[in-house]
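K.L.:
Pasting the sequence and the predicted model now:
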Amino acid sequence: MKAQEEFNGEEKRMLDLLGKGLSRDFPNPQRVGCPDSALLRRIALRTVPLSEADRWLTHFSSCSPCFQEFTQFRKQAVERRRTQVWLAAAAVIIFAVAGWLWVHTRPAVQTSATVVLDLRERSLARGENPKGAKEGDLEIPRTARHLIVDLPIGSKEGSYDLALLNEAGDEVLRATGTATLEDHVVILRADIDIRNLSPGFYFVGLRQLGPEWSRYPTRVI
Ligand SMILES: [Zn+2]
């Protein structure tokens, strides 16, 4: 870092001299004691150690042709670095815009609008006051709009009431649907809207005849 600063200081001193006519005041048509062009270029691009560059910088300050070449290479180097900075900035902007577009133009997530509940192997909630959620309870996301319920073995086809009951057993949502036999399974389809329901523990209630709900522990998520 320190070496770089010294180098910059030296360069500044030399460029200051440019204003004082250095580029003309030390003609050296024979190029006596000059580095070859490749070395001069590497010095200008700062790819040689300062210890080596140092004596050449001293030479440049008393050799107009070298000084002119040196300043030319420096200008190119600065120009190129400026271009690289611009390209890097442009790349950052492109990635930012692409990222924004990716986030904001994706179609809204529809994946859980239809939820399948398989009650074929489910056991009914027992007792008046079953305790909260358990591992393996049914799950219904609040984004669900359509339920497809595989009814327990032996269920009849026909019209059903479907409800969501809270933990106390009160109805919070009611829907009706028709169950039909499809490929040896009685399937009930019903539309629901539970966007406004709080997540938590509920029961899915089903009944075909009579006032009693068959209740299945469920988590609304
Ligand atoms: Zn020279």
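P.N.:
On my side now, so go ahead. Residues are numbered from 1 along each chain as shown.
K.L.:
host element of Gly177?
P.N.:
Using DSSP states H and E, Gly177 sits in strand 171-182.
K.L.:
I'd like to know which elements that strand is packed against.
P.N.:
In this structure, strand 171-182 packs against strand 146-150, strand 158-165, strand 185-191, with contacts taken as 3 or more Cβ pairs under 8 Å, 6 or more residues apart in numbering; DSSP states H and E. Any C-beta I mention is one placed from the backbone N, CA and C, and that applies to glycine too.
K.L.:
let's go with 10 Å and repeat that
P.N.:
Packing contacts for strand 171-182, counted by 3 or more Cβ pairs under 10 Å, 6 or more residues apart in numbering; DSSP states H and E, involve strand 146-150, strand 158-165, strand 185-191, strand 200-207.
K.L.:
ok, that strand: who's next to it in the sheet?
P.N.:
strand 158-165 (antiparallel), strand 185-191 (antiparallel) (DSSP bridges).
K.L.:
before we move on, the earlier item: give me whichever of the helices and strands packed on strand 171-182 is most buried.
P.N.:
Comparing these by mean neighbour count (mean count of other Cβ atoms under 10 Å), strand 200-207 ranks first with a mean of 20.
K.L.:
Now find how far off-centre that strand is within its chain.
P.N.:
Going by Cα atoms, centre = their mean, to the nearest Å, the spacing between the C-alpha centre of strand 200-207 and its chain's C-alpha centre is 37 Å.
K.L.:
angle of that strand against strand 185-191?
P.N.:
120 degrees (axes from the mean of the first three to the mean of the last three Cα atoms, to 10 degrees).
K.L.:
who touches the strand holding Gly177?
P.N.:
146-151, 155-166, 185-194, 196-198, 202-206, 208, 213, 220 (Cβ atoms under 10 Å, 6 or more residues apart in numbering).
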